[in-house]
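Visitor: Take this sequence and fold it.
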Amino acid sequence: MAAADSPSATLRRRDLCSRGIRLAGKMRSDVIDLLDTYVERQGLDASASVAVVEGVPAAAVEHWDEQSGTQRLLENLAAYRTFRTLLAQMLEEQREQLGEADAGLGRALAAVLLQVSAFAYHLEELLRLESRGAPSEEEAGPPQPLHLGLFERKLRGLGVLRELAQWAVRSARDLRQLAKPSLGSSSALSTAESP
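Guide: Residues are numbered from 1 along each chain as shown. Next up, the predicted model:
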């Protein structure tokens with residue numbers, strides 16, 4: 001990680017983290033708007049309880065404060081790659097179900113899918129800066145839901161969007177943690193010495 005400790009790398013990491021925090025905030029806002037539209041257009045109750053959805057990564061983590069910056073980035077990247085696949089499946093299902101009858105929902109899903117893809121790329125860039133290349137994508141992806149009825153697919157979509165909103169919050173928190181100067185860096189020491 002010697003390259004990540006140079007002043008220019010530190011500035012670049014902070015810049016990438018700041019931009020990532022803004023991207024995560026925008027994504028969360030758009031996902032919340034999409035959730036409202038999704039619930040309305042799918043005829044669901046906004047307070048519907050959705051059990052843990054298979055294949056959807058959970059944003060909650062037990063020992064968050066014990067994770068390294070690289071661990072945080074890798075978990076975020078894996079989650080957003082999974083969400084990219086899940087959102088693409090949802091978009092396809094929505095098109096099959098409603099066709100062009102509800103183009104607004106399709107456009108909103110496609111916009112969030114684009115943001116998720118951009119955020120995954122952003123995380124890959126941060127991993128490269130940390131002298132750690134992004135792991136290759138696994139072709140398998142999340143398991144395909146087998147024989148889900150229409151209502152189950154709607155609930156699954158609701159669960160995916162709710163968890164994605166939680167991931168956006170976690171990602172912003174992870175990036176804030178990563179942007180903090182490390183104790184060993186000269187900028188952190190000079191900050192600690194000033195009154």
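Visitor: which element is the most centrally placed residue in the chain on?
Guide: Geometric centre of the chain, nearest residue: residue 80, 4.4 Å, by Cα atoms, centre = their mean. Element membership for residue 80, per DSSP states H and E: helix 69-98.
Visitor: May I see the buried residues of that helix?
Guide: 69-70, 72-91, 93-95 (16 or more other Cβ atoms under 10 Å). C-betas here are computed from N, CA, C, even on glycine.
Visitor: elements contacting that helix?
Guide: The contact analysis (3 or more Cβ pairs under 8 Å, 6 or more residues apart in numbering; DSSP states H and E) places helix 69-98 against helix 103-129, helix 150-179.
Visitor: one step back: quick check, the residue nearest to the centre of the chain in contact with residue 121.
Guide: No - between residue 80 and residue 121 there is no contact under Cβ atoms under 8 Å: 9.2 Å.
Visitor: that older thread, pull the distance from the helix holding residue 80 to the chain's centre.
Guide: Mean-position distance between helix 69-98 and its chain equals 8 Å (Cα atoms, centre = their mean, to the nearest Å).
Visitor: Show me where the protein dips below the pLDDT cut-off.
Guide: For the chain, the stretches with pLDDT under 70 are 1-5, 98-101, 132-134, 138-146, 182-195.
Visitor: ok, 80 please
Guide: Residue ranges of the chain with pLDDT under 80: 1-7, 51-54, 61-65, 96-103, 131-148, 181-195.
Visitor: tally of neighbours for residue 21?
Guide: 18 (other Cβ atoms under 10 Å).
Visitor: Now for it: which residues touch it?
Guide: Taking Cβ atoms under 8 Å, 6 or more residues apart in numbering, we find residue 21 in contact with 172, 175-176, 179.
Visitor: Show me how to select, in PyMOL, the buried members of those residues.
Guide: Burial among the contacts of residue 21 is assessed by 16+ other Cβ under 10 Å; the matching PyMOL selection reads:
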select buried, resi 172+175+179
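Visitor: Reformat the contacts of residue 21 as TSV; add distance to residue 49.
Guide: TSV is the format used below for the contacts of residue 21 (distance: Cβ to Cβ, whole Å):
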residue	distance to residue 49
172	26
175	30
176	31
179	36
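Visitor: which one of the contacts of residue 21 is nearest residue 125?
Guide: Residue 125 lies nearest to residue 175 out of these, by Cβ to Cβ, at 12.2 Å.
Visitor: residues contacting that closest one?
Guide: Residue 175 makes contacts with 17, 20-21, 24, as judged by Cβ under 8 Å, 6+ apart.
Visitor: of those, buried ones?
Guide: By 16+ other Cβ under 10 Å, these give 17, 20-21, 24 as buried.
Visitor: Dump the residues you listed to a markdown table, plus secondary structure.
Guide: Converted to a markdown table, these look like this (DSSP: H, G, I helix; E, B strand; the rest coil):
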| residue | secondary structure |
| --- | --- |
| 17 | helix |
| 20 | helix |
| 21 | helix |
| 24 | helix |
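Visitor: Closest one to residue 137 out of those, please.
Guide: Among the buried ones among the contacts of residue 175, residue 20 lies closest to residue 137 (Cβ to Cβ), at 19.4 Å.
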